[in-house]
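[1] Show me the folded form of this:
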Amino acid sequence: GTVQSFLFEGYWRDIGTIRAFYDAHMDLVKADPPFHFNDPEWPFYTHPRYLPGSSLNAVRINRSIVSEGSMLEECTVESSIIGVRTSMTRATVRRSLVMGVDPYPPAGPAGAPPLGVGEGSLIEDAIVDKNARIGRNVRITNKSGLAEAEGKGWAIRDGIVVVTKNAVIPDGTVI
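    Have a look, this model is predicted:
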C-alpha cells in the first residue's frame, strides 16, 4: 500500500510519566496556554454529564479550571484544575490537578474524612486522583523537595505528590 504522512504543527505532548502528565495539565492554566478549549477552529466536545454548575462561595480563583458539579466554599485556587464533583471548604490549592469524584464513589472506611479536600488543608504541586478523602489541616506540599517517596495513599514521583485513587489522608497529615 501507499504510505502517507501528515505534518502536525499544533500542540502535542507525551504524557507517559507523572511529570509529563502534570506538566500537560499545568500548560492549560498558563497565562497564555498553548491552546484553548474554546477555539472555534479546533472545537472540543466532551461527554455530557448533566451536572449542575459549580457552587462557588467566597472563593478566590486565578488561572484555573473548575469543572461542573464542584462545591467550593471560602477557598483559594491558583493555577490548578479542579475536577467534577470536587468539594472543598476553606482550603488552598496551587499548581495542582484535583481529579474530582466518580458518580458512585466507594464508601470510605469508618471514621474517614468526607470526599474532597478538608478545611484548612493546603495542596501544592500535586495530583489528587479521583475519590480522595483529604482530611482537615492536611499539608501536601513536598516541603522537603523529595524526588521519590511513598506512604499510605500517596507517592512522590519526579517531585510531584500523587494522592492515589480512593485514598484516605487523615486530618493533620503532612506530605
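[2] Any idea how far stretch 93-104 is from the middle of the chain?
    Relative to its chain's centre, stretch 93-104 lies at 4 Å (Cα atoms, centre = their mean, to the nearest Å).
[3] do stretch 47-64 as well
    Mean-position distance between stretch 47-64 and its chain equals 13 Å (Cα atoms, centre = their mean).
[4] what sits up against that stretch?
    Here stretch 47-64 makes contact (Cβ atoms under 8 Å, 6 or more residues apart in numbering) with 29-31, 66-82, 84-85. In this view, the C-beta of every residue, glycine as well, is placed from N, C-alpha and C.
[5] Please indicate which of these are buried?
    29, 66-72, 75-82, 84-85 (16 or more other Cβ atoms under 10 Å).
[6] Among those, which lie within helices?
    In helices, judged by DSSP state H, none of those are found.
[7] These in strands, which ones?
    The strands in this structure, assigned by DSSP state E, contain V66, M71, L72, T76, V77, E78, I81, I82 from the buried ones among the contacts of stretch 47-64.
[8] export those to JSON lines and tack on distance to V168 and pLDDT?
    Conversion of those to JSON lines gives the following (distance: Cβ to Cβ, whole Å; pLDDT from 0 to 100):
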{"residue": "V66", "distance to V168": "24", "pLDDT": "96"}
{"residue": "M71", "distance to V168": "20", "pLDDT": "98"}
{"residue": "L72", "distance to V168": "21", "pLDDT": "98"}
{"residue": "T76", "distance to V168": "24", "pLDDT": "98"}
{"residue": "V77", "distance to V168": "23", "pLDDT": "98"}
{"residue": "E78", "distance to V168": "26", "pLDDT": "98"}
{"residue": "I81", "distance to V168": "22", "pLDDT": "97"}
{"residue": "I82", "distance to V168": "20", "pLDDT": "98"}
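[9] how about those, which pair is most distant?
    Farthest pair in those (Cβ to Cβ) is M71 and E78. Separation: 18.5 Å.
[10] Stretch 134-141 spans what distance, first to last residue?
    Its start and end residues considered, stretch 134-141 measures 13 Å (Cα to Cα, to the nearest Å).
[11] tell me which residues of the one helix or strand in the chain whose mean pLDDT sits lowest are tucked away?
    Between all helices and strands in the chain, the lowest mean by mean pLDDT, DSSP states H and E belongs to helix 18-27, at a mean of 93. Within helix 18-27, the residues that count as buried by 16+ other Cβ under 10 Å are I18, F21, Y22, A24, H25, M26.
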